[in-house]
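*Asks:* Got a predicted model here, sequence first, then my questions.
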Amino acid sequence: MRAATTIENFLEMMSAERGAAENTLASYRRDLEAAAEFTVARGASLPDAASDDIRAYLDEMTRLGFAATSQARRLSALRQFFRFLYSEGLRQDDPTGILDAPKKERSLPKIMSEEAVGRLLDRAKLETEDPAVIDKLRALRLHTLLETLYATGMRVSELVGLPAGVARSDHRFLLVRGKGSKERMVPLSAKAREAMSRYLTLRDAEPGSDGNPWLFPAFSESGHLARQVFARELKALAARAGVSTATISPHVLRHAFASHLLQNGADLRAVQQLLGHSDISTTQIYTHVLEERLHQLVSEHHPLAD
């Protein structure tokens with residue numbers, strides 16, 4: 001079997017039957033093409049690969065210094081691929097079935113303090129009101145992005161890809177299309193609604209805005225704001241606000257949203273729903289963050305601590 005053809009068929013199935021997002025499909029493609037290149041070097045085609053070929057591939061990734069998380073992701077892509085071949089009758093076995101996923105340490109998410117987030121949001125709002133700021137629309141866009149992100153905990157891809165219509169139907173909630181095209185409602189805070197209203201007023205006054213389908217369109221090209229552009233603007237804002245830029249990113253603000261909710265008594269199931277996690281075990285990582293902070297607090301301040 002030709003690897004290129006079977007990979008294309010697999011990706012088509014993932015898109016049509018499982019509603020996989022473009023980013024997910026691109027990730028599958030990269031991982032499977034890398035595996036196909038390795039198996040060709042061993043004299044085999046990926047669709048016909050044996051367990052020894054896949055094991056050798058994992059060993060090679062270890063030798064090259066790939067993180068356990070990267071290895072596990074690539075093995076997961078291969079498992080899905082071979083299950084597809086089995087279901088289609090193109091193979092009679094699954095060569096990944098006897099392989100164990102690389103063990104990985106569960107790293108705690110990076111978070112920001114409420115004080116640091118407050119400084120970031122205050123600076124963003126201040127720049128929308130500063131007469132010295134020339135590009136008022138860009139400043140309003142950044143402030144609205146931050147307020148919305150911290151109010152909802154959306155994934156950055158969900159945020160920048162919001163259609164313009166979602167902010168006009170009901171300012172109290174946003175309808176978000178997440179992974180696997182699953183939809184969920186997320187509430188907007190009063191500050192986020194205020195920022196959104198100010199931003200939309202100026203955005204709608206821009207020439208050609210009527211025909212733009214994106215809530216946060218790119219200024220220099222077609223399409224919506226790129227995640228990388230948002231990340232750069234966020235880091236630059238953090239520097240101006242006196243917040244460390246070493247760990248700041250849109251994803252860190254998503255982590256901050258979840259951690260701060262739990263710190264202030266939110267229910268874990270509610271946070272799971274807001275984040276769009278299909279499995280609550282993914283959300284439980286934030287409880288470990290709280291446990292670590294409590295342990296550190298006791299260690300530093302208890303009179304009997306060593």
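*Replies:* Received it, and whenever you're ready, just let me know what you need.
*Asks:* tell me the centre residue of the chain?
*Replies:* Arg155 (4.6 Å; C-alpha atoms, centre = their mean).
*Asks:* What score does that one have for pLDDT?
*Replies:* Predicted confidence (pLDDT) for Arg155: 91.
*Asks:* who are the neighbours in contact with it?
*Replies:* Residues near Arg155 by C-beta atoms under 8 Å, 6 or more residues apart in numbering: 178-179, 251, 254, 276. Yep, even glycine has a C-beta here, placed from its N, CA and C like the rest.
*Asks:* Among those residues, name the buried ones.
*Replies:* With burial judged by 16 or more other C-beta atoms under 10 Å, the buried subset of the contacts of Arg155 is 178-179, 254, 276.
*Asks:* Need the max-distance pair from the residues you listed.
*Replies:* Maximum pairwise distance among those (C-beta to C-beta): 13.5 Å, between Lys179 and Arg254.
*Asks:* List the buried residues for the host helix or strand of Ser27?
*Replies:* For Ser27, the host element (DSSP states H and E) is helix 22-41. Buried residues in helix 22-41, counted by 16+ other C-beta under 10 Å: 24, 28-29, 31-32, 35-36, 38-39.
*Asks:* Spell out which residues make up each domain of the protein.
*Replies:* Annotated domains of the chain cover 3-87, 114-298 [automatic domain parsing].
*Asks:* Tabulate those domains (TSV), appending distance to Gly97.
*Replies:* Formatted as TSV, the domains of the chain follow (distance: least, C-beta to C-beta, whole Å):
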stretch	distance to Gly97
domain 3-87	8
domain 114-298	22
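*Asks:* mean pLDDT lowest for which of those?
*Replies:* Across these, domain 114-298 gives the lowest mean pLDDT, at a mean of 86.
*Asks:* chain center to that domain: distance?
*Replies:* Its chain's C-alpha centre and that of domain 114-298 lie 12 Å apart, by C-alpha atoms, centre = their mean, to the nearest Å.
*Asks:* how about the closest residue in space to Ala4 that isn't next to it in sequence, what does it touch?
*Replies:* Excluding the flanking residues, the one nearest Ala4 by C-beta to C-beta, 6 or more residues apart in numbering is Ala36, at 7.7 Å. Contacts for Ala36 (C-beta under 8 Å, 6+ apart) come out as 3-4, 7, 45-46.
*Asks:* try Arg168
*Replies:* Contacts of Arg168 (C-beta under 8 Å, 6+ apart): Leu200.
*Asks:* Tell me how far it lies from Ala192.
*Replies:* 15 Å (C-beta to C-beta, to the nearest Å).
*Asks:* what does Met14 give?
*Replies:* Distance from Met14 to Ala192, by C-beta to C-beta: 34 Å.
*Asks:* Pull the residues that contact stretch 254-261.
*Replies:* 109-112, 114, 117, 149-156, 270-271, 274-275, 283, 286, 289-290.
*Asks:* Which among these count as buried?
*Replies:* 111-112, 117, 149-156, 271, 274-275, 283, 286, 289.
*Asks:* Could you tell me which residues within stretch 227-237 count as buried?
*Replies:* Using 16+ other C-beta under 10 Å as the test for burial, stretch 227-237 gives 227, 230, 233-234, 237.
*Asks:* all strands of the protein, in order?
*Replies:* In the chain, the strands defined using DSSP state E lie at 173-177, 183-187.
*Asks:* and stretch 5-25, C-alpha only, in PDB?
*Replies:* C-alpha atoms of stretch 5-25 as PDB (Å, rounded to 0.1, in the frame of the first residue of the first chain):
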ATOM      1  CA  THR A   5      -2.600   7.500  -0.400                       C
ATOM      2  CA  THR A   6      -3.500   5.900   2.900                       C
ATOM      3  CA  ILE A   7      -2.600   8.900   4.900                       C
ATOM      4  CA  GLU A   8      -4.800  11.100   2.700                       C
ATOM      5  CA  ASN A   9      -7.700   8.600   3.100                       C
ATOM      6  CA  PHE A  10      -7.200   8.600   6.900                       C
ATOM      7  CA  LEU A  11      -7.200  12.400   7.100                       C
ATOM      8  CA  GLU A  12     -10.300  12.600   4.900                       C
ATOM      9  CA  MET A  13     -12.100  10.200   7.300                       C
ATOM     10  CA  MET A  14     -11.000  12.300  10.300                       C
ATOM     11  CA  SER A  15     -12.300  15.400   8.800                       C
ATOM     12  CA  ALA A  16     -15.600  14.000   7.400                       C
ATOM     13  CA  GLU A  17     -16.600  11.600  10.200                       C
ATOM     14  CA  ARG A  18     -15.000  13.000  13.300                       C
ATOM     15  CA  GLY A  19     -15.000  16.700  12.400                       C
ATOM     16  CA  ALA A  20     -11.300  17.100  13.200                       C
ATOM     17  CA  ALA A  21     -10.100  20.700  13.100                       C
ATOM     18  CA  GLU A  22      -7.600  22.000  10.500                       C
ATOM     19  CA  ASN A  23      -4.900  22.200  13.200                       C
ATOM     20  CA  THR A  24      -5.500  18.700  14.300                       C
ATOM     21  CA  LEU A  25      -5.400  17.400  10.700                       C
END
